[in-house]
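*Asks:* below are the sequence and a predicted model for it; my questions follow.
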Amino acid sequence: MILKATGLSKSFPIENMEPQHVLKNIQLTINKGEFVSVMGASGSGKSTLLYTISGMMQPSAGTVEFAGEQLNKLTEEQLTSIRLNKMGFVFQQANLLKNFNLKDNIILSAYLGKKESQKEIDKRAVQLMKQTGVHQLALKDITQASGGQLQRVSICRALINKPEIIFGDEPTGALNSKSASEIMMLFNEINQNGTTILLVTHDAKVASKTERILFMADGEIVSEKYLGKMKDESTLKEREKQVAKWLNGLDF
Ligand SMILES: Nc1ncnc2c1ncn2[C@@H]1O[C@H](COP(=O)(O)OP(=O)(O)OP(=O)(O)O)[C@@H](O)[C@H]1O
């Protein structure tokens, strides 16, 4: 087990009204090496779940244990260190810094993170850029790359500190279907190399490439289904059909 949420709830206050209960008593265990996706209608609480289990947001109740640490017992400084060194984040938009070239965007957080030499960090950045097919863009800036390429760079940035888990919030949401599919194959490869991955997605095609799908409705995990790891792409059509069936059976 790498992550365990117990009795996790999150409410947001609303002026002159009852608070909005966005997460309700969530129990969730993620095992080391798993590739998990979270699906559910807009507003069901998917992003809030991701933010609370990754220590970006304080839950209203409940606990999160990550890599042997109870996140609620840590100081903000300790949480920042865990997020920097043990977690990687990929969002819908790459959110890269415009005054840095693409390689510098990748290595910046490694300079802030682990105590490694510049040479080692540089070497890993180049390896990651090769693995993700963007090494020829190392010295370009963000205006000189496509959306898919920028997302590959943001995946390199997420991986630079060798995280134990990658959290993705709609990481393919802004991409065309070809780029989205390529990015998912890349996540699959990263997962096969041992990194645990949890993705929030609206897209059944994305979810069908993951190992386990959690379905959320109204702040609760209402169902979870196991697809198993995708060993090769020949099974993809079958997996997509299966996910479509599951979605049809749920009343979102
Ligand atoms: N910081 C906040 N303050 C108040 N309400 C919030 C806040 N963040 C989220 N919410 C509310 O919580 C609910 C769930 O939001 P969340 O973003 O987790 O859903 P989601 O399932 O990820 O939706 P989407 O698929 O549209 O991104 C929404 O009704 C949203 O308005």
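*Replies:* Looks like it came in fine.
*Asks:* next up, the contacts around the closest residue to the ligand within the stretch 51-200 of the chain.
*Replies:* Nearest residue of the stretch 51-200 of the chain to the ligand (CB to the nearest ligand atom) works out as V200 at 6.2 Å. Using the backbone N, CA and C atoms, a C-beta is placed for each residue, glycine as well. Applying CB atoms under 8 Å, 6 or more residues apart in numbering to V200 gives the contacts S37, V38, K46, S47, L49, L50, G168, D169, E170.
*Asks:* same check, this time on L159
*Replies:* By CB under 8 Å, 6+ apart, the neighbours of L159 are G88, L128, I166, I190, T195.
*Asks:* just T143 next, same as before
*Replies:* Contacts here follow CB under 8 Å, 6+ apart; on that basis T143 touches K98.
*Asks:* and the one 4 residues further on, by the same measure?
*Replies:* By CB under 8 Å, 6+ apart, the residues touching G147 are A94, A174, L175, N176, S179.
*Asks:* now do the helices in the protein.
*Replies:* 46-53, 76-86, 102-112, 118-131, 147-159, 177-192, 204-207, 236-249 (DSSP state H).
*Asks:* turn those helices into a markdown table, including mean pLDDT and distance to the ligand.
*Replies:* Shown next, in a markdown table, are the helices of the chain (pLDDT from 0 to 100; distance: least, CB to the nearest ligand atom, whole Å):
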| stretch | mean pLDDT | distance to the ligand |
| --- | --- | --- |
| helix 46-53 | 98 | 3 |
| helix 76-86 | 94 | 18 |
| helix 102-112 | 92 | 24 |
| helix 118-131 | 94 | 28 |
| helix 147-159 | 95 | 18 |
| helix 177-192 | 93 | 16 |
| helix 204-207 | 95 | 13 |
| helix 236-249 | 94 | 14 |
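*Asks:* what's the neighbour count on the closest residue to W246 other than its chain neighbours?
*Replies:* In space, and not counting its chain neighbours, W246 is closest to K225: 5.4 Å by CB to CB, 6 or more residues apart in numbering. Look at K225: counted by other CB atoms under 10 Å, it has 17 neighbours.
*Asks:* roughly how far apart are K225 and the ligand?
*Replies:* 18 Å (CB to the nearest ligand atom, to the nearest Å).
*Asks:* picking up where we left off before, so what's the residue of the stretch 51-200 of the chain closest to the ligand bridging to?
*Replies:* V38, D169 (DSSP bridges).
*Asks:* tell me the pLDDT of it.
*Replies:* Note on V200: pLDDT of 98.
*Asks:* from S44, how far off is it?
*Replies:* Noted for V200: a distance of 10 Å to S44, by CB to CB, to the nearest Å.
*Asks:* residues touching the closest residue to M230 other than its chain neighbours, list them.
*Replies:* Leaving aside its sequence neighbours, M230 sits nearest to K209 (CB to CB, 6+ apart; 5.5 Å). Going by CB under 8 Å, 6+ apart, K209 touches M184, M185, F187, N188, M230, L236, R239.
*Asks:* any quick ChimeraX command for the buried ones out of those residues?
*Replies:* To isolate the buried ones among the contacts of K209 in ChimeraX, judged by 16 or more other CB atoms under 10 Å, type:
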select :184,187,188,230,239
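*Asks:* dump the contacts of K209 to JSON lines, plus distance to M1.
*Replies:* Converted to JSON lines, the contacts of K209 look like this (distance: CB to CB, whole Å):
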{"residue": "M184", "distance to M1": "25"}
{"residue": "M185", "distance to M1": "27"}
{"residue": "F187", "distance to M1": "21"}
{"residue": "N188", "distance to M1": "22"}
{"residue": "M230", "distance to M1": "22"}
{"residue": "L236", "distance to M1": "29"}
{"residue": "R239", "distance to M1": "25"}
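*Asks:* give the contact list for H21.
*Replies:* By CB under 8 Å, 6+ apart, H21 lies in contact with S9, K10, S11, G219.
*Asks:* would you mind checking which of those residues is nearest to E116?
*Replies:* Taking CB to CB as the measure, E116 lies nearest K10 of these, at 35.6 Å.
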